[in-house]
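Peer 1: When you get a sec, could you give me coordinates for this:
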Amino acid sequence: MFPVAIFLMRRFSIGLKITDTNLKITRTLAIENIPEKLCNIGDIKKHFDEAYPEFRIFDVQVVYDVTRLTQLALDLENVVDSKKFCEKYKARKNVELEMIPVGGARCCKCFCLPCVNKVSCIEYFTEEEIKLRQMMDKERIEAQRVSLGMAFVTFENINHARQILRDHKNSILNFKRSAPESKLAMNPQKWTVWYAPLPNDIIWENLSHKRHFTLMKKIIANLFIFLVGFFLTTPQFVVHQLDPIINALKNLTYNPNPSPQNATDPMHFKELPAWLTDFLPTLMIWTFTALLPVVVAYADLLVGHWTRSGQNHAIMKKTFWYLLFMVIILPTFGFTSSKAYIDFLLKNNNLNWECIFLPDSGAFFVNYVITCAILGSGLELIRFPELFWYFIQICMSRSKADTPAIRKAITYEFRFGEQYARMMLIFAMVVMFSISCPLITPFGCLYFILKHLVDRHNLAFVYARSKINKKVHATAINFVIMSVALLQFFMIVFSFIRSLDSNLSTLDLRTKVAMALFILTLNICSAQIWSNTCRRISPVKYQDVLLGEDPEDEHDQLYLPTVL
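Peer 2: Next up, the predicted model:
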């Protein structure tokens, strides 16, 4: 299957037109660690005119802290939309909306009315608009007083940008090369220079987060995910804990032959229906595994990524690896709880290999795929979390005039990182157990058909546009190849265990051939990852893009946030 997977993924990557990230050269450079006193447009242009007199600069933009300004702009937009809603409502029904200017007054007027008087919505939002515009003007002036020591410099020639990046590249191999200096004390040897992403991909309010703080937050977030992933529980362990609860519910004071005097006793319960007791563990499996990516995603959001595409890519990778260990690898090897994991490390180092790949394990994964295909796809269409958040927003609103702000608050971007990771988990599960448990294959096909229909509907009619780069698709292709490699590894373990003989000299021919093919697969994968020796048979077909002829180069845009 490994050559077939490479062929299919290479054909798939041709339509994506993926370019190698090492060849992604742009005309705009992001420069960090500029002295704050000299971080202005005039001094930066003067420095490059003196250090590189033959290089022409197209544009220079300095980065400022716009966190508070972005929030004020969002509040102003909501106020303007609410004001327009009130004016249209008055023109349509000839009735002027009134409200109590307190949060939650729309549903709890009786508690607010004695203390706060009603006001006209149009007058209230007009006054709020004037206040917010004045606050934004003051905040805009205040934000532009002090820079963040960072700037975006766009050159007219792409080769000039590449030369400046080479001169300022901090590397052990470039110890002989020093960046040209000017009369200004810019300290270019301390700069951090990299190719800038597109302006609409940058999360401007996160640029105020310093690099060392970002690294610290990454360590804390990854440590939190590690503790949740390896020392708390797995979905299979949660289901096992439901068994005594379900058994207790089935035997709740149930008497199959009740006496006439106890027939009307309120403590007499009928036995719970079988469909409920059978469906509850399945529902718990899906609920728990649906919450796991949410924990990973929100833990990674606190890191404060500088680009939206990088944020989606990081969430995708972390969520996939987290789910792979939680749902497939650890339950397969019997580590369904932290107690089992610690016992294996400290008390008993002998793994009971005979308990791996039992029929029970295959039934668990088939049940999981069926749940995701039927129940998961249906719930993604219903979107209960968004519905619940919409209800909370209505309860916290002040009047009908807040309707535009509520609709905007429940409009999310399509979470490519989280959705991609869940889909790749199901693909890895189906591929890895397609031979040892063939029943999982048709249900996996059903899942992908339903998932395609549901996501196509949600992308077209529900979610807002999301920003991703081609690295997300390239990573998904690598996950597909890794799933095939895991299939080979699992089949080696399966064949070795079923032979019940650990002597390599007496292994059957099937196991020896499987081990040889797996070693060949590892060599090809490692050669593709750490060198360019196997690019010809790589699962990703990269496009040949000439310098200065990249059709996606949109670096003529202004590198400023919309609030400035």
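Peer 1: rest of the way, CA atoms for contacts and neighbours
Peer 2: OK.
Peer 1: Could you pull out the buried residues of stretch 178-196?
Peer 2: Applying a neighbour-count criterion of 16 or more other Cα atoms under 10 Å, one finds 179, 180, 181, 182, 186, 188, 191, 192, 193, 194, 195, 196 buried in stretch 178-196.
Peer 1: what's the fifth one in contact with, if anything?
Peer 2: For residue 186, the contacting residues are 34, 35, 38, 47, taking Cα atoms under 8 Å, 6 or more residues apart in numbering as the criterion.
Peer 1: Let's see which of the residues you listed end up in helices.
Peer 2: Mapping the contacts of residue 186 onto helices (DSSP state H) picks out residue 47.
Peer 1: which of the contacts of residue 186 tops the neighbour count?
Peer 2: For these, the largest neighbour count, defined by other Cα atoms under 10 Å, is 22 neighbours, found at residue 34.
Peer 1: Now that one, what are its backbone angles?
Peer 2: Main-chain dihedrals, residue 34, degrees, to the nearest 10: phi -80, psi 140.
Peer 1: Which is the succeeding secondary structure element to the lowest-mean-pLDDT helix or strand in the chain?
Peer 2: Within the chain, no helix or strand scores below helix 109-112, which has a mean of 57 by mean pLDDT, DSSP states H and E. Using DSSP states H and E, the helix or strand that follows helix 109-112 in sequence is strand 119-120.
Peer 1: what's the most distant pair in the buried residues of stretch 178-196?
Peer 2: The widest separation within these, taken as Cα to Cα, falls between 182 and 196 and amounts to 23.5 Å.
Peer 1: Can you tell me the SS state at residue 62?
Peer 2: Using DSSP: H, G, I helix; E, B strand; the rest coil, the three-state assignment for residue 62 comes out as strand.
Peer 1: ok, now which ones touch it?
Peer 2: Contact analysis of residue 62 by Cα under 8 Å, 6+ apart lists 39, 40, 41, 147, 149, 150, 151, 152.
Peer 1: Skipping its backbone neighbours, what lies nearest residue 47 in space?
Peer 2: residue 182 (5.5 Å; Cα to Cα, 6 or more residues apart in numbering).
Peer 1: repeat for residue 64
Peer 2: Excluding the flanking residues, the one nearest residue 64 by Cα to Cα, 6+ apart is residue 147, at 4.8 Å.
Peer 1: The one you found and residue 65 touch, don't they?
Peer 2: Yes: using Cα atoms under 8 Å, residue 147 is in contact with residue 65, at 7.2 Å.
Peer 1: re earlier: now render the buried residues of stretch 178-196 as TSV, adding distance to residue 474, secondary structure and pLDDT.
Peer 2: Converted to TSV, the buried residues of stretch 178-196 look like this (distance: Cα to Cα, whole Å; DSSP: H, G, I helix; E, B strand; the rest coil; pLDDT from 0 to 100):
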residue	distance to residue 474	secondary structure	pLDDT
179	35	coil	76
180	37	coil	78
181	40	coil	80
182	42	coil	78
186	39	coil	83
188	35	helix	84
191	31	coil	86
192	27	strand	86
193	25	strand	88
194	22	strand	87
195	20	strand	88
196	20	coil	88
